[in-house]
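In: Fold the following for me, if possible:
(2 chains, ligands or ions: 1)
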Amino acid sequence: MAETSQPAPSARGAEMPRHETATLGRPAGTVSEDARRVKAAVLAGQRDKARDAFADLVGGYQRQATRLALYLLRDVTEADEAVQDAFVKVFTHIASYREDLPFEAWFTRILANTCRDRKKARRRRERWEVIGLDRNPEYGGRVENAPALTANPEEALLGDERRREMLKAIDALPERQRTVLLLCHAEGQSPRQVGELTGLNESTVRVHLFRALRKLRMALEGSRVRR
Amino acid sequence: MFAGKRHLDDSALIRRYLADRGLEALEAADESLLRHLVQCASCEARYIAIQRVFDESRDAAVDAADAAFPADRLAAQRERILRRIDAQYDGPRVIPFPAAAHAAQVLPPSALVRRWVAAAAVAGLIIGLTAGRLIPFSSSTSTDARRQPGAVPASAARPAPVMRSLHEEPVVDEEQLLFDVDLATAAPRAAELRAIYAFTLEESRDIPVRTVKH
Ligand SMILES: [Zn+2]
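Out: Got it, this is the predicted structure:
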């Protein structure tokens, strides 16, 4: 209960570092362990314990979940909401979580289906729209405003420019190639997992991935030669 | 095979990169590719360049996604999720069936007004159910309109994102989704479901009205 009874700023100060590093550096299986704790507490009727364990679970996996949703939906607000929906579904149906399987696989399927539903709804709303990395003002703006990763300002400028080129090259890929590239290449999902998430068969995923990298190579090679 | 006859083309180097990342399996015939890379400084240099570009592009994509969700946004996201979970707990607790013998014990004895509100909410729910009009968007009407002064929990009184998502969630689709996904095909669910029923008193889809709180 402690987490919602705290205002957001203090919650951020107290907990984000743990979750930030947790997502990047937590040992594999930790979120599965969290999920097991949630399930056990729910089944035992221990409400507060279940909630605390669930807060850990969310904190430990939300960064990755949000990236996945963003890659699939390419819209910050929609990705945010999809992740919320997916986690709520997880809690609601935690009793059906199979502890012998990794939580990530279970969650990712729920999230992918949630994203798919949102995509369908969006297509119905806006049949023409394709939101891109550099066309979505929120996404693009955030990227440009992101803190420089290098300490040297000149290097940072060059680095920013290079990164923008890369994002542009990724954005220019056909939708499926781009999605597959982001999920496999950026997020490290296997072609099989991506096949399950996207509904493509595994060999098609591999072909898209290969072609995406080849196009990326050509685009970035071209831009380097021009400079 | 015959290593070293010709330099490797980009496709071969990309395949090697995918293999290094564990995203592609090299076949036995690709042994020549590996041998060539070891023996040919030029191709090795090209491979290192390709590897660097791809690694940078991966980092750029990840950083861009992470930059779109800074820590405060993630904190807000987590808070909303937890509030929605709390709402699932609170809903059935505070909206007991009027006829239930133990209903009075669930509500604080002094909360006479709130009891009436709860009863009215249940009556509305029953009418809605009876009329077959319990559709997802029906619950997306203003939360504030139904929330009574003084009935707002302390945690909800501070400025915070409105918990509209729970109302907007197409819960019927969700059920369908979960069955489609078939996440636990092999698991005997009956006992678990009974347990979760006991825990939450009602399954979430049965509690679209959950805004009347202690
Ligand atoms: Zn060579």
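In: Contact partners for A:Lys119?
Out: By CB atoms under 8 Å, 6 or more residues apart in numbering or on different chains, A:Lys119 lies in contact with A:72-73. For glycine as for every other residue, the C-beta is placed from the backbone atoms N, C-alpha and C.
In: Helix or strand for it, just tell me which one.
Out: Element membership of A:Lys119, judged by DSSP states H and E, is helix A:103-125.
In: what residue ranges in chain A score low on pLDDT?
Out: A:1-28, A:127-158, A:222-227 (pLDDT under 70).
In: got the buried residues for the helix holding A:Lys119?
Out: A:103-104, A:106-119 (16 or more other CB atoms under 10 Å in any protein chain shown).
In: Stretch A:205-224 too?
Out: Counting neighbours by 16+ other CB under 10 Å, the buried set in stretch A:205-224 is A:205-213, A:215-217, A:219-220.
In: how about that stretch against chain B, any contact?
Out: Yes - contact of stretch A:205-224 with chain B (CB under 8 Å from any CB of the partner chain) involves A:206, A:209-210, A:213-214, A:216-217, A:220-221.
In: Give me the contact list for that stretch.
Out: So stretch A:205-224 is contacted by A:165-166, A:169-170, A:172-173, A:176-178, A:180-181, A:184-185, A:191-192, A:194-195, A:198, A:200, B:10-11, B:14-15, B:17-18, B:23-24, B:50, B:53-54, B:57 (CB under 8 Å, 6+ apart).
In: which of those residues count as buried?
Out: A:165-166, A:169-170, A:173, A:176-178, A:180-181, A:184-185, A:191, A:194-195, A:198, A:200, B:14-15, B:17-18, B:23-24, B:50, B:53-54, B:57.
In: The ion contacts on chain B?
Out: Contacts of chain B with the ion, taken as CB under 5 Å from the ion, map to B:7, B:40, B:42-43.
In: Now list the buried members of the residues you listed.
Out: B:40, B:43.
In: nearest to A:Arg124, of the residues of chain B next to the ion?
Out: B:Cys43 (49.9 Å; CB to CB).
In: Now that closest one: which helix or strand?
Out: Using DSSP H and E, B:Cys43 falls within helix B:41-68.
In: What does A:Asn201 show for phi and psi?
Out: phi -80, psi 160 (degrees, to the nearest 10).
In: contacting residues around it?
Out: Here A:Asn201 is in contact with A:Gly195 (criterion: CB under 8 Å, 6+ apart).
In: separation between it and chain B?
Out: In this view, A:Asn201 and chain B are 15 Å apart by CB to the nearest CB, to the nearest Å.
In: ok, which pair from the residues of stretch A:205-224 next to chain B is furthest apart?
Out: A:Arg206 and A:Glu221 (22.3 Å).
In: quick one: contacts for the residue most central in space within chain A?
Out: For chain A, the residue nearest the mean C-alpha position is A:Arg67 (1.8 Å; CA atoms, centre = their mean). Residues near A:Arg67 by CB under 8 Å, 6+ apart: A:186-187, B:62, B:65-66, B:69.
In: Quickly find the element holding it.
Out: helix A:47-73.
In: can you pull the buried residues of that helix?
Out: Buried-residue list, helix A:47-73, by 16+ other CB under 10 Å: A:47, A:50-73.
In: I am finished for the moment; much appreciated.
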